[in-house]
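> Give the three-dimensional model of this entry:
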Amino acid sequence: MSAPKPPTRTGFNLSALAVREKSITLFLIIAIVISGLFAFNKLGRAEDPSFTIKAMTFYTVWPGATAQEMQDQVAEPLEKRLQELKWYDRTETYTRPGLAFTTLTLQDNTPPEEVQEEFYQARKKLGDDKLGLPAGAIGPFINDEYSDVTFGLYALKAHGVPQRMLVREAETLRQQLLAVPGVKKVNIVGERPEKIFVEFTYEKLATLGISAQQVFNALNDQNVITPGGSIETHGPTVLARFDGNFDNLDKIRNTPINVGGKTLKLADVANVRRGYEDPAQFMIRNQGEPALLLGVVMRDGWNGLNLGKALEEEAGKIQQGLPTGISFTKVTDQAVNIARSFDEFMIKFFVALLVVMAVCLVSMGWRVGLVVAAAVPLTLAAVFVIMLMDGPRESSTASRWAR
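As a prediction, the model looks like this:
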């Protein structure tokens with residue numbers, strides 16, 4: 001009597017299929033390796049991975065109001081309006097005399113793709129309620145982009161050059177840097193607002209019987225732009241315009257002030273000069289000298305190493321084209337940190353791969369061990385492809401892995 005035959009397995013066996021179809025297996029291995037190398041070179045590299053901050057801030061100014069008035073008449077109505085948002089979580093408000101600062105926070109489970117839409121709806125609601133604020137209230141001023149990280153800082157300096165000329169030069173350089181691939185925005189930091197100062201001679205005001213308010217009213221009445229209508233002719237229509245706005249210091253000095261039937265010039269009772277905000281609220285110094293900073297923000301998912309090289313090349317061209325006496329120097333650059341983290345990751349990756357292969361070869365033999373060890377880089381290659389296909393949100397950086 002013969003022994004019963006063991007039951008045959010009819011299930012799908014991937015290993016047997018791979019061994020049987022050697023040409024297809026080899027083709028897939030080569031395709032995965034090439035695709036992984038291509039995806040790895042195309043992945044974004046940044047010092048920190050990009051993430052969505054689900055919060056925005058805004059502040060409102062009401063000169064002369066107390067902290068309690070700012071809370072009751074300004075902050076509270078705006079907070080109630082924001083509670084209508086779909087993903088609203090909470091608002092936190094800090095008030096002081098004349099100022100209310102509010103932070104709007106969305107729910108933690110808010111989908112990242114809907115955050116910008118929520119911020120847009122918040123802007124609409126705040127804009128609608130702006131007309132309902134007390135007379136004299138200014139704002140709200142909204143900021144929903146404070147999460148931007150500066151990739152590189154560049155200092156623009158010129159000894160003895162007026163800052164308004166330096167600001168114009170900074171605006172020109174800003175347009176050049178925006179043309180560099182991978183640059184999202186360029187912020188100019190350290191600009192001092194230019195103002196026109198009217199300094200009264202109070203002895204003359206008292207002698208002539210003129211109050212400071214009369215001078216303010218005269219300036220406000222003069223510095224206006226009023227439409228004058230149009231003149232219909234047989235040819236083109238001619239637009240008429242009353243030119244009353246101030247465009248130079250002499251025009252301000254010659255502003256007429258009518259008091260008691262007499263007409264005086266502003267220069268008779270005040271000194272008019274052009275200057276900068278004093279005291280300055282924010283000043284920048286580089287190596288002990290006044291300067292302006294240009295902060296470059298990188299696009300999400302971009303390769304920071306490539307951007308660093310492009311900015312280095314563009315900065316060299318800018319420096320060569322600047323007038324004598326103006327310098328454009330690099331202050332900080334994230335590309336240096338990215339390169340260091342990237343090199344560290346590559347060293348750790350190859351060391352780990354060699355350790356895995358050595359352990360597999362020793363414990364399983366060279367044939368089985370080689371197959372098992374080869375699965376590690378193949379798996380990583382497939383992961384790189386998936387990361388690239390998923391987009392910039394998840395294609396963060398190899399530098400993050402090195403940490």
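
> the strands in the stretch 51-200 of the chain, which residues?
Ranges of strands within the stretch 51-200 of the chain are 55-61, 88-96, 99-106, 138-143, 150-158, 183-189, 194-200, based on DSSP state E, counting those that start in this stretch.

> which one of those strands lies closest to residue 212?
strand 194-200 (6.1 Å; C-beta to C-beta). For glycine as for every other residue, the C-beta is placed from the backbone atoms N, C-alpha and C.

> in that closest one, what counts as buried?
Buried positions in strand 194-200, judged by neighbour count with 16 or more other C-beta atoms under 10 Å: residue 198.

> now do stretch 253-272
Buried, per 16+ other C-beta under 10 Å, within stretch 253-272: 253, 255, 257, 259, 264, 266, 269, 270, 272.

> what's next to that stretch, contact-wise?
Applying C-beta atoms under 8 Å, 6 or more residues apart in numbering, the external contacts of stretch 253-272 come out as 196-201, 204-205, 208-210, 214-215, 218-219, 222, 249, 252.

> Show the end-to-end separation of that stretch, please.
6 Å (C-alpha to C-alpha, to the nearest Å).

> Okay, helices next: where are they in the stretch 301-403 of the chain?
304-321, 334-364, 366-390, 398-402 (DSSP state H, counting those that start in this stretch).

> Adding mean pLDDT, write those out as a markdown table.
Shown next, in a markdown table, are those (pLDDT from 0 to 100):
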| stretch | mean pLDDT |
| --- | --- |
| helix 304-321 | 86 |
| helix 334-364 | 83 |
| helix 366-390 | 80 |
| helix 398-402 | 35 |
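
> The buried residues of stretch 253-272: which two are farthest apart?
Farthest apart among the buried residues of stretch 253-272 - using C-beta to C-beta - are 259 and 272, which lie 18.2 Å from each other.

> quick one: low-confidence ranges for the chain?
Low-confidence segments of the chain, defined by pLDDT under 70: 1-12, 14-15, 19, 46-50, 219-248, 259-262, 278, 280-281, 391-403.

> residue nearest the centroid of it?
residue 148 (4.1 Å; C-alpha atoms, centre = their mean).

> Isn't that residue up against residue 297?
Yes: the pair residue 148 and residue 297 qualifies as a contact (C-beta atoms under 8 Å) at a distance of 4.8 Å.

> quick one: terminal-to-terminal distance for stretch 293-308?
17 Å.

> Buried deepest among the strands of the stretch 51-200 of the chain, which one?
Burial of these is given as mean neighbour count (mean count of other C-beta atoms under 10 Å); strand 150-158 ranks first at a mean of 22.
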